[in-house]
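Asks: Whatever this is, show me its structure:
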Amino acid sequence: MNQSTNVVLPSFFASSDIQLDDFHTLCHQTAHTGQYPLAHAIINNVVIYDGEVIRQHPEKSRDFQNEMASVLRDGPGVFAIKRFFQDTHVINEMSQVFEDILEAERGFGAGDHFGKTGPQANGRIWNVFQKSAIAAPSTFVEYYKNPLLSLVSEAWLGPHYQVTAQVNIVRPGGDAQVSHRDYHLGFQQPDETVRYPLHIQQMSSMLTLQGAVAHTDMPIESGPTKLLPFSQLYPLGYVAYHDDAFKAYFEQHCVQVPLEKGDAVFFNPALFHAAGANKTQDFHRSANLLQVSSTFAKPMETVDLAYISRVIYPSLRQAWENNTFSDAEKAAIITAATDGYSFPTNLDTDPPIGGLAPESMESLLHRALNSEWSHEEYQDALKELQSKQAA
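Replies: Have a look, this model is predicted:
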């Protein structure tokens with residue numbers, strides 16, 4: 001190797017380094033159906049899949065995952081799945097759970113990272129993942145056993161992902177959010193973001209998957225999410241989205257796709273996006289915002305997965321006894337409701353005996369259900385596992 005040809009590329013960039021022309025070159029691309037043969041359609045550069053087709057062809061699951069990962073990584077950065085939920089009955093049940101939680105929390109908690117506050121602010125339930133498990137365990141199980149959630153999450157993040165969720169309700173006349181990128185670095189100011197080398201900024205988007213399940217129909221006038229396809233490809237985007245010129249570009253070039261109840265949209269967290277304005281007079285647009293984290297990442301919200309698994313264990317035990325869930329549904333709900341990674345742990349008290357890693361909460365729950373443990377037996381074993389993992 002000729003050492004004289006080596007060039008040290010910069011890893012740190014300033015806010016002054018952002019270039020709108022470079023951003024435009026990336027965002028001015030067009031997605032073609034030939035690139036995504038498994039897609040049902042492409043609308044406004046948003047790749048559309050049909051959930052029923054995915055369910056009917058489990059032998060093509062890996063092919064769908066490969067294509068979806070390509071969309072998120074190298075393509076438009078966003079896809080939608082029509083009929084993500086096969087039956088919207090569980091959507092209606094979970095929506096009622098949301099209404100009950102909203103009523104119980106009336107006057108407590110508020111806020112939208114990128115929206116306005118005040119009387120006309122968007123409605124929000126933080127950590128609705130855990131709150132819904134506690135409020136309605138059986139509904140929680142029915143909702144999160146959806147194998148398509150597992151398929152999509154593993155396409156981007158691999159196994160043992162962690163789910164968090166927040167409900168967002170955009171009221172009639174509700175204003176749009178400002179355009180932004182999402183967690184992790186989407187929640188930092190530019191002077192903090194530039195402290196991270198560029199390779200870390202780019203890597204961080206691979207630790208999270210953003211999604212939204214439509215709990216109501218979402219016609220364009222109700223303000224479905226505004227999206228800027230291919231914008232996740234701009235390396236300096238975590239700084240650039242704060243810039244007024246980039247905000248204006250987003251407003252000029254963003255697209256929207258109408259959704260129906262039970263549909264879902266998923267996108268790279270580095271994609272420039274924003275909740276749209278609800279221009280209707282009487283329609284409340286509701287979505288369950290899913291933020292799925294890699295097992296190697298820190299999720300945005302604190303979720304007590306041990307507590308959730310204890311709360312829903314009776315519902316799971318009944319489903320296992322009655323053999324009402326498919327293997328895919330079993331895997332999906334256990335992954336959603338437990339921690340599947342063995343670390344961090346206390347290797348003095350929780351050594352990897354018989355393998356390279358100690359038993360995880362996920363494998364413990366599998367073992368308990370397959371061995372027909374009682375609720376008390378599972379709680380005791382889980383308590384022992386937590387004790388071994390403690391410092």
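Asks: Correct me if wrong: Lys279 contacts Pro224.
Replies: No. Look at Lys279 against Pro224 with Cβ atoms under 8 Å: they stay out of range, at 11.6 Å. For glycine as for every other residue, the C-beta is placed from the backbone atoms N, C-alpha and C.
Asks: So the two - more neighbours on which side?
Replies: For Lys279 versus Pro224, the count of surrounding residues by other Cβ atoms under 10 Å is larger for Pro224: 25 against 15.
Asks: what about the residue nearest to Gln189 when sequence neighbours are not counted, helix or strand, and which?
Replies: Distance criterion Cβ to Cβ, 6 or more residues apart in numbering; nearest residue to Gln189, sequence neighbours excluded, is His242 at 7.4 Å. According to DSSP states H and E, His242 maps onto no helix or strand at all.
Asks: How about Gln65?
Replies: Using DSSP H and E, Gln65 sits within helix 61-73.
Asks: rewinding a little: go ahead and confirm the residue nearest to Gln189 touches Pro190.
Replies: Yes. Between His242 and Pro190 there is a contact at 5.3 Å, judged by Cβ under 8 Å.
Asks: Next, the most centrally placed residue in the chain: phi, psi?
Replies: Centroid-nearest residue in the chain, with Cα atoms, centre = their mean: Gln291, separated by 2.8 Å. The phi/psi pair for Gln291 (degrees, to the nearest 10) reads phi -120, psi 110.
Asks: Contact partners for it?
Replies: 163-166, 182-183, 208-211, 299-301 (Cβ atoms under 8 Å, 6 or more residues apart in numbering).
Asks: I'd like the residues you listed written out as JSON lines, with neighbour count and pLDDT added.
Replies: Putting these into JSON lines (neighbours: other Cβ atoms under 10 Å; pLDDT from 0 to 100) gives the following:
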{"residue": "Val163", "neighbour count": "21", "pLDDT": "98"}
{"residue": "Thr164", "neighbour count": "21", "pLDDT": "97"}
{"residue": "Ala165", "neighbour count": "25", "pLDDT": "97"}
{"residue": "Gln166", "neighbour count": "19", "pLDDT": "96"}
{"residue": "Asp182", "neighbour count": "23", "pLDDT": "96"}
{"residue": "Tyr183", "neighbour count": "22", "pLDDT": "94"}
{"residue": "Thr208", "neighbour count": "24", "pLDDT": "98"}
{"residue": "Leu209", "neighbour count": "26", "pLDDT": "98"}
{"residue": "Gln210", "neighbour count": "25", "pLDDT": "98"}
{"residue": "Gly211", "neighbour count": "22", "pLDDT": "98"}
{"residue": "Pro299", "neighbour count": "19", "pLDDT": "94"}
{"residue": "Met300", "neighbour count": "18", "pLDDT": "92"}
{"residue": "Glu301", "neighbour count": "17", "pLDDT": "95"}
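Asks: Out of these, which is nearest to Ala155?
Replies: Leu209 (8.5 Å; Cβ to Cβ).
Asks: Adjacent strands (with direction) for the helix or strand harbouring the closest one?
Replies: If you go by DSSP H and E, Leu209 is part of strand 208-214. Strand 208-214 has its sheet partners listed here by DSSP bridges as strand 264-267 (antiparallel), strand 285-293 (antiparallel).
Asks: and the gap between the nearest residue to Phe343 once chain neighbours are set aside and Asn322?
Replies: Once flanking residues are discounted, Phe343 sits nearest to Ala357: 7.2 Å by Cβ to Cβ, 6+ apart. Distance, Ala357 to Asn322, by Cβ to Cβ, to the nearest Å: 32 Å.
Asks: Between those two, which is the more surrounded one?
Replies: Neighbour count, other Cβ under 10 Å: between Ala357 and Asn322, Ala357 has more, with 12 against 8.
Asks: Can you report phi and psi for that one?
Replies: Torsion angles, degrees, to the nearest 10, at Ala357: phi -140, psi 150.
Asks: That one contacts Leu347, correct?
Replies: No. Using Cβ under 8 Å, Ala357 is not in contact with Leu347, being 10.1 Å away.
Asks: neighbours of Gln29, just the number please.
Replies: 13.
Asks: need the longest helix for this protein.
Replies: If you go by DSSP state H, the chain has its longest helix at helix 305-322.
Asks: mind checking how far it is from the chain centre?
Replies: 23 Å (Cα atoms, centre = their mean, to the nearest Å).
Asks: buried stuff in stretch 88-100?
Replies: Neighbour-count burial for stretch 88-100 flags Thr88, Val90, Ile91, Glu93, Met94, Ser95, Val97, Phe98 (criterion: 16 or more other Cβ atoms under 10 Å).
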